[in-house]
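>>> Predicted structure and sequence below. I'll ask about it afterward.
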Amino acid sequence: TIYFGGGTPSRLDPAALARLLELFTRDRRLGSGVEVTLEANPDDVDAPRAAKWRAAGINRISLGAQSFDPAVLSWMHRTHDASQIGIAMGTLRAAGFDNISLDLIYAVPDVLRRDWSADLDRAFALEPEHLSLYGLTIEPHTALGKWTARGESLPAADDRAAEEYLSAHQRLDAAGFDHYEVSNAARPGLRARHNGAYWRRAPFIGMGPSAHSGFGSERSWNVRDWEEYRRRSDAGLALREALERLSPEQVELEELYLGLRTTDGLPAGRVPASTALLWISAGWAKSLQDRLVLTPEGWLRLDALVASLSHY
């Protein structure tokens with residue numbers, strides 16, 4: 001798989017994306033069924049760009065809709081309006097894209113009075129092949145983090161965040177989607193293969209400023225600052241900033257966490273029987289063909305459940 005993300009790659013000249021894909025295919029053989037995803041903003045999508053993306057070999061689009069509510073889009077400083085999401089979908093379909101994912105954000109601050117059900121209605125009406133649902137998170141050094149610290153913005157209450165998440169799961173299930181991972185759902189057979197590789201701990205190469213790579217128990221990441229990255233690149237210097245090696249205990253914890261994120265779950269023996277019974281009785285997990293799989297209620301508690309399994 002190839003994934004153009006981590007910023008706004010749809011702002012790149014389509015010729016640059018085509019050139020990158022050409023270089024990738026020179027470097028290594030790509031199978032005929034390779035999944036090539038581009039993250040795109042709705043307002044970056046037009047007919048000429050979409051046609052060039054498709055001609056370059058991109059066959060999957062992840063469209064950053066976030067919301068169809070004008071107040072939410074304005075609050076998030078998004079550069080598109082709700083109508084552009086549908087227009088972008090139509091343009092991509094006309095260009096031949098038959099695998100499109102929509103991103104939506106839930107649990108926005110109460111003051112915005114966003115109608116989550118209406119957002120889901122409009123997303124389903126566009127008939128995407130994939131939906132990604134992300135709860136709004138507050139990072140300390142972001143603008144939102146500073147607003148929250150000053151009391152200018154209050155996060156959604158935990159009970160409302162849980163209610164929106166569970167209602168989305170019910171709607172996805174009713175619409176025939178496979179809610180296969182904490183934040184992701186797809187039409188049958190159209191799971192995101194790239195993201196699935198992360199959850200299986202497959203090797204991956206990250207390119208670009210601050211990009212991460214992973215090979216077994218090794219993790220590395222590139223320098224974050226763009227100018228420093230460019231300087232090193234021009235001088236032929238190493239772009240990697242640091243490397244870490246996970247201990248066997250850290251690898252085990254990662255396997256537990258990533259396994260429980262998906263509907264593949266874990267082999268039943270990886271979780272103590274008494275703990276598994278407790279989770280099942282609480283409605284947080286279920287046993288399926290000798291595997292322990294978390295329910296949506298369990299996914300809401302994923303961090304705490306995995307922490308309870310940690311012995312280090």
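It's in.
>>> Tell me which other helices or strands the host helix or strand of residue 185 touches.
Under DSSP states H and E, the secondary-structure element containing residue 185 is strand 184-186. Other helices and strands packing on strand 184-186, by 3 or more Cβ pairs under 8 Å, 6 or more residues apart in numbering; DSSP states H and E, are strand 130-135, strand 178-181. Where C-beta positions appear, they are placed from N, C-alpha and C, glycine not excepted.
>>> which one of those is the most hemmed in?
strand 130-135 (a mean of 21; mean count of other Cβ atoms under 10 Å).
>>> Sheet partners, orientation included, of it?
Using DSSP bridges, the strands paired with strand 130-135 in its sheet are strand 100-106 (parallel), strand 184-186 (antiparallel).
>>> What are the contacting residues of the longest one?
Contacting residues not belonging to strand 100-106 are listed as 37, 60-67, 72, 76, 85, 89, 92-93, 116, 119-120, 123, 126, 128-136, 161, 164-165, 168, 192 [Cβ atoms under 8 Å, 6 or more residues apart in numbering].
>>> coming back round to it: could the strands paired with strand 130-135 go into a markdown table alongside mean neighbour count, mean pLDDT and distance to residue 298?
Compiled in a markdown table, the strands paired with strand 130-135 are given as follows (neighbours: other Cβ atoms under 10 Å; pLDDT from 0 to 100; distance: least, Cβ to Cβ, whole Å):
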| stretch | mean neighbour count | mean pLDDT | distance to residue 298 |
| --- | --- | --- | --- |
| strand 100-106 | 21 | 95 | 18 |
| strand 184-186 | 23 | 97 | 16 |
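>>> coming back round to it: and the helices and strands packed on strand 184-186: which comes nearest residue 172?
strand 178-181 (5.0 Å; Cβ to Cβ).
>>> returning to what we had before: between the strands paired with strand 130-135, which gets nearest to residue 239?
Comparing these under Cβ to Cβ, the one sitting nearest is strand 100-106, at 28.2 Å.
>>> Centre of the chain to the closest one, how far?
In terms of Cα atoms, centre = their mean, to the nearest Å, the gap separating the centre of strand 100-106 from the centre of its chain is 9 Å.
>>> That strand: what's the following helix or strand?
Beyond strand 100-106 in the direction of the C-terminus, DSSP H and E gives the next helix or strand as helix 116-125.
>>> List the buried residues for that following helix?
Of the residues in helix 116-125, those scored as buried under the neighbour-count criterion (16 or more other Cβ atoms under 10 Å) are 116, 119-120, 122-124.
>>> One more: stretch 7-27?
By neighbour count, with 16+ other Cβ under 10 Å as the criterion, the buried positions of stretch 7-27 are 9-10, 12, 14, 17-18, 20-21, 24.
>>> which one of those sits closest to residue 310?
residue 9 (36.3 Å).
>>> ok, back up a step: for the buried residues of stretch 7-27, give me a markdown table that also has secondary structure, pLDDT and distance to residue 101.
Supplementary listing: those in a markdown table, determined by DSSP: H, G, I helix; E, B strand; the rest coil; pLDDT from 0 to 100; distance: Cβ to Cβ, whole Å:
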| residue | secondary structure | pLDDT | distance to residue 101 |
| --- | --- | --- | --- |
| 9 | helix | 93 | 14 |
| 10 | helix | 95 | 14 |
| 12 | coil | 94 | 19 |
| 14 | helix | 97 | 20 |
| 17 | helix | 96 | 18 |
| 18 | helix | 97 | 22 |
| 20 | helix | 95 | 21 |
| 21 | helix | 94 | 19 |
| 24 | helix | 92 | 21 |
